[in-house]
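Trainee: The following block contains a protein sequence and its predicted model.
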Amino acid sequence: MPKADDKHTPSRRALFTGVAALAATSAAAPVPTPNASGIGEPDAVLIRLCARFLEIEDAINAYPADIDERSPPHILAMLDEHDVLVLAIPHMRARSMNGCRAKAAALNVYLPRGRVDEDWCSPDRLARSLVDDLLGRT
């Protein structure tokens, strides 16, 4: 992946440093009890990062052309951010069902689509089953 050359486009290192700082802050923070409004959600940072990951996935999938080094800087920046999130999210421990659901939604991007059948490998079957359970699907 090419380095960001636009002064408004953060480098991968800067993005990773920022995400790592958020993750460390989140992991070190005391675990408050969430209430009905969501204030005090122990996985608020994780949930935001997973939501951003899904936003980037949607934007990349909606982009009308192949993405390569000649793509617009904002697209390349999204790819860099995506790479950082893929590295950061697995290192964050979910401490609530909302955090587990957010991680499941992110994992869902990589799982095969459709009904689970005998052609799927065992890890994909198990992962699809768990993700569907967490996301309330049948």
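Mentor: Yep, it's here.
Trainee: need the contact list for residue 100.
Mentor: Counting by C-beta atoms under 8 Å, 6 or more residues apart in numbering, residue 100 makes contact with 94, 134. All C-beta atoms are positioned from the backbone trio N, CA, C, and that covers glycine.
Trainee: any idea which helix or strand carries it?
Mentor: Secondary structure assigned from DSSP states H and E places residue 100 in helix 97-108.
Trainee: could you check the angle helix 97-108 makes with whatever helix or strand comes next after that helix?
Mentor: Next in sequence after helix 97-108, counting helices and strands by DSSP H and E, comes helix 122-134. Following axes from the mean of the first three to the mean of the last three C-alpha atoms, to 10 degrees, one obtains 140 degrees for the angle between helix 122-134 and helix 97-108.
Trainee: what is the mean pLDDT for helix 122-134?
Mentor: Summarised as a single mean, pLDDT over helix 122-134 is 85.
Trainee: One more: stretch 101-112?
Mentor: For stretch 101-112, the per-residue pLDDT averages 91.
Trainee: and it, which residues are buried?
Mentor: The neighbour-count criterion (16 or more other C-beta atoms under 10 Å) identifies 101, 102, 103, 104, 105, 106, 107, 108, 111 as the buried residues of stretch 101-112.
Trainee: Show me which of those is closest to residue 134.
Mentor: Proximity to residue 134 was ranked across the buried residues of stretch 101-112 by C-beta to C-beta; first place goes to residue 104, at 3.9 Å.
Trainee: and residue 50, what element?
Mentor: helix 44-62.
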